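Student: pasted the sequence and its predicted model underneath.
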Amino acid sequence: MSVATEARHSAPTVLRRPDVRLGSAIRLWQRNASIYRRTYKMNILPNFFEPVIYLLAMGLGLGRYLSSVQGVKYIDFIAHGLVATSTMFGTSFEVTFNCFVKMQFGRVYEAATATPLSIEDVGLGELLWGTTRATIYGVLFFLIATAFGVVHSWLAVFVPLAVVAIGLMFSVIGLSFTALIPLIDFFTYYWTLFITPMFMFSGIFFPLSRLTDWIHVIAWFMPLYHGANLLRALMLTGDAGAALASAAWIVVVTAGLFVVPLNLLHRRLVR
Amino acid sequence: MSSAVLARGLTKRFGELEAVRGIDFQVDERECFGFLGPNGAGKTTTMRMISCASPVTAGELSVLGLDPVAGGRDIKRRTGVLPQEYNLDEEVSVLENLVIYARYFDIGTRTSRPRAEELLEFMQLTDKRDWRVPRLSGGMKRRLMIARALMNQPELLVLDEPTTGLDPQARHLVWEKLRSLKREGVTLLLTTHYMDEAAQLCDRLVIMHEGRILVEGSPREMIAKETSPQVVEVFDPSAEQQRELATLEGLADRVERLVDRWLFYTGDGDALFAKVRSIMPDAASVWLRGATLEDVFLMLTGRGLLE
């Protein structure tokens, strides 16, 4: 009886203030960067080919059969959404599968927390690293897309900043899921019920405007929808108001959830 | 002399399970202190509390004069930890493992590289410095993990089963290194279920069982206090011989009958040995030896499998 009371008492709520220090978190970021440095030459090439393939196949291939979508060339219509998607994928593999393997099988977090790092520092380091990966993917896609002539607004100078914000948002969401699931197999749900539907229904390949209202309601709750809208405003329409509205959604959601993965990791690993 | 670790009524519960049940102990600076016990005795949980990996449920704990709750980061900064299971960075080289780990302590490359080279030399891994971890044998990984635990030049070294799974050569090398660290003034805390390891390394030790400390002392004290100094072991006595051996029971302090052996614990081994030999003509089936820590351990924790 007293044991149960104690357990409830010591269980941290997911929103409490985490024991976190930026300097320590950067140490874990540096670990990941040291390891990435050994393999980036292998990794960066697919990062280059993927956008080219997408833009060629969808933009130029499929675009040949579509005169225009919402008054713009098809390649212009999809390019910014693909930058957002590439950003999302850039961190999502990292903070789901990679982090789970590090946590559960490689015992990397056990090693790191035997040093002055807290588990929350480790979590923040992973968020920063996921965001870094997302930024590399997103910016690279953006630069290649630019070469295809899809940028139509000077607001595009803010794209790197937007990519960082989108990357951080998906890092926070992905790492929270990772800290919750008991088995690696559960990631199937994350990908098939969250990532893939967002990829398809965020207005990236076709506009949502002609679909029924409830699709719009669902879309409003999808992080990628706002990521794509933000990049559309920056790269295509140059609508600063729309950009700010999407950016605000992203910032509020990210800030609101920011401590959740850190506290979930604490609850899972500090026993 | 001040104490490196002080525990009073130290308790750890995981839900309904009470893993550590209010133990008291004190570790002096610069000594080697051992926790002996069968699997599930609470040794690892105790080590995890000391190294600030696991919060204390109840009782008091002070490590290097600090409270693990308020001073966790400072304790960890001054402590080296060797966990039971391998947790090296598999993707990078032996040397990089040490450099990355040192960075967690805010030790920059300029300091950590020469220190890593030095520790690789100390652990006889210099020629493996550029190998990646999966190429290393179990013994090499263990030595690398000890080197890693030393990167922050700790005052306190917490070792959870330092030689489990190692071959005899690697075990002796590790023991030698641990003794030389102790000479340099490092306080050593270790768990083991090898009695010879405890006898070799520990100034003082406790035997734990089911979350409690059963006895405490130096290996020698413990043997003197808990058991008779000599043991006559008799192997495979026949039914006839067993009947005759039973008549000698009164002469021993304690007799233990196992499936294939009888053990007579006694203060006068020579006399009892002669009597047993008159019953057992085959010299190879009777053996007189000194009592060991293992006798104490098995007497206190029983011979049945505990898991």
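Tutor: Happy to help now that I have it.

Student: ok, which stretches of chain B are strands?
Tutor: Secondary structure of chain B by DSSP state E: the strands cover B:3-14, B:17-28, B:32-36, B:58-63, B:79-82, B:156-160, B:187-192, B:204-209, B:212-217, B:230-235, B:254-257, B:261-266, B:286-290.

Student: does chain A sit close to the second one?
Tutor: No: using CB under 8 Å from any CB of the partner chain, no contact is recorded between strand B:17-28 and chain A, whose separation bottoms out at 8.6 Å. No exception for glycine: its C-beta is placed from N, CA and C like everyone else's.

Student: tell me the angle that strand makes with strand B:156-160.
Tutor: 140 degrees (axes from the mean of the first three to the mean of the last three CA atoms, to 10 degrees).

Student: now strand B:17-28: average pLDDT?
Tutor: Mean per-residue pLDDT for strand B:17-28: 97.

Student: compute the inter-axis angle for it and strand B:32-36.
Tutor: Angle of strand B:17-28 versus strand B:32-36, following the same axes, to 10 degrees, is 160 degrees.

Student: given strand B:17-28, what are its sheet partners and their directions?
Tutor: strand B:3-14 (antiparallel) (DSSP bridges).

Student: and the strand it pairs with, what's buried?
Tutor: B:3, B:4, B:5, B:6, B:7, B:10, B:11, B:12, B:13 (16 or more other CB atoms under 10 Å in any protein chain shown).

Student: same check, this time on stretch A:242-250
Tutor: Judged by neighbour count (16+ other CB under 10 Å), stretch A:242-250 contains these buried residues: A:243, A:246, A:247, A:249, A:250.

Student: list the contacts of residue 237.
Tutor: Just so you know, I chose chain A. Listed by CB atoms under 8 Å, 6 or more residues apart in numbering or on different chains, the contact set of residue A:237 reads A:152, A:153.

Student: not what I meant, chain B
Tutor: Contacts of residue B:237 were listed using CB under 8 Å, 6+ apart, and they are B:245, B:262, B:279, B:280, B:285.

Student: hang on, the earlier thing: please produce JSON lines containing the buried residues of strand B:3-14, extended by pLDDT.
Tutor: Output for these, formatted as JSON lines (pLDDT from 0 to 100):
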{"residue": "B:3", "pLDDT": "92"}
{"residue": "B:4", "pLDDT": "97"}
{"residue": "B:5", "pLDDT": "98"}
{"residue": "B:6", "pLDDT": "98"}
{"residue": "B:7", "pLDDT": "98"}
{"residue": "B:10", "pLDDT": "98"}
{"residue": "B:11", "pLDDT": "98"}
{"residue": "B:12", "pLDDT": "98"}
{"residue": "B:13", "pLDDT": "97"}
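
Student: out of those, which is nearest to residue A:93?
Tutor: Residue A:93 lies nearest to residue B:12 out of the buried residues of strand B:3-14, by CB to CB, at 37.0 Å.

Student: what sits opposite the closest one in the beta ladder?
Tutor: residue B:20.

Student: quick one: it and residue B:56 touch, right?
Tutor: Yes: between residue B:12 and residue B:56 a contact is recorded at 6.8 Å, counting by CB atoms under 8 Å.

Student: list the residues that are in contact with both of these two.
Tutor: Shared contacts of residue B:12 and residue B:56, defined by CB under 8 Å, 6+ apart, comprise residue B:49.

Student: closest to the centroid, which residue in chain A?
Tutor: Note on chain A: the residue nearest the mean C-alpha position is residue A:170, at 2.8 Å, using CA atoms, centre = their mean.

Student: got a list of what it touches?
Tutor: A:87, A:88, A:91, A:92, A:95, A:130, A:134, A:223.

Student: re earlier: out of the contacts of residue B:237, who has the most neighbours?
Tutor: When neighbours are counted by other CB atoms under 10 Å in any protein chain shown, residue B:262 leads the contacts of residue B:237 with 24 neighbours.

Student: for the nearest residue to residue A:74 once chain neighbours are set aside, give its distance to residue B:135.
Tutor: Spatially, and ignoring its direct neighbours in sequence, residue A:74 is nearest to residue A:63 (3.3 Å; CB to CB, 6 or more residues apart in numbering or on different chains). Using CB to CB, to the nearest Å, one gets 50 Å for the distance from residue A:63 to residue B:135.

Student: look at these two and report which has more neighbours.
Tutor: The neighbour count for residue A:63 versus residue B:135, taken as other CB under 10 Å, is higher for residue A:63 (20 against 11).

Student: just the pLDDT for that one.
Tutor: The pLDDT attached to residue A:63 in the predicted structure is 87.

Student: that one and residue B:220, how far apart?
Tutor: The gap separating residue A:63 from residue B:220 is 86 Å, by CB to CB.

Student: and residue A:239, what are its phi and psi?
Tutor: Main-chain dihedrals, residue A:239, degrees, to the nearest 10: phi -90, psi 100.

Student: hang on, it packs against residue A:233?
Tutor: Yes: contact status for residue A:239 versus residue A:233: in contact at 4.7 Å, counting by CB under 8 Å.

Student: neighbour count for those two, which is higher?
Tutor: residue A:233 (25 against 16).
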